[in-house]
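Undergrad: Build me a model:
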Amino acid sequence: MKTKLSILAVALALSSTLWANPTVEQAMIKQEIRDIKNDQKEIRRDVKELKVDQRELKKDQIDLQRAKQTGKPALVKNARKEVIEDRREIRDDRRELRDDRRDLRKDRRYHRHYRHHKPHHPRYYR
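TA: Prediction:
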């Protein structure tokens, strides 16, 4: 009895998903578009982080110049640490941004390829 109910539940779930998404292709296309939009959001977020880190680097470089003018070695050492840390953060942010852009290009390329090579797509016959 329990297995019949679970089979029935699975069948009902499958039928409801098939009703919502008539074809698997449409569901795949929707998922691809969702992936592309998520990649775009990540890129925008990474660009904002990069800009913030670059601003922090400028401030820390100014602080380093001021510390050098005072001539106190402890201040100079701390300011140098801050500048190095900011540069490292910027490098990491750029790496993330590069990876996200690569993912976006890959998703777009796949999506474009998939869409234009379906038999019922008008460009397929050109």
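
Undergrad: so how far is residue 51 from residue 36?
TA: 23 Å (Cβ to Cβ, to the nearest Å). C-beta: built from backbone N, CA, C; applies to glycine.

Undergrad: more neighbours, the two?
TA: The neighbour comparison of residue 36 against residue 51 (other Cβ atoms under 10 Å) goes to residue 36, with 16 against 12.

Undergrad: And the strand or helix carrying that one, what does it pack against?
TA: For residue 36, the host element (DSSP states H and E) is helix 24-70. Here helix 24-70 touches helix 73-116, going by 3 or more Cβ pairs under 8 Å, 6 or more residues apart in numbering; DSSP states H and E.

Undergrad: how does it look with 10 Å?
TA: helix 2-20, helix 73-116 (3 or more Cβ pairs under 10 Å, 6 or more residues apart in numbering; DSSP states H and E).

Undergrad: Report the rounded mean pLDDT for it.
TA: Mean pLDDT, taken over the full extent of helix 24-70, equals 88.

Undergrad: could you check the angle helix 73-116 makes with that helix?
TA: 160 degrees (axes from the mean of the first three to the mean of the last three Cα atoms, to 10 degrees).

Undergrad: Now do the contacts for the closest residue to residue 89 other than its chain neighbours.
TA: Spatial nearest neighbour of residue 89, excluding adjacent residues (Cβ to Cβ, 6 or more residues apart in numbering): residue 53 at 4.8 Å. Listed by Cβ atoms under 10 Å, 6 or more residues apart in numbering, the contact set of residue 53 reads 85-94.
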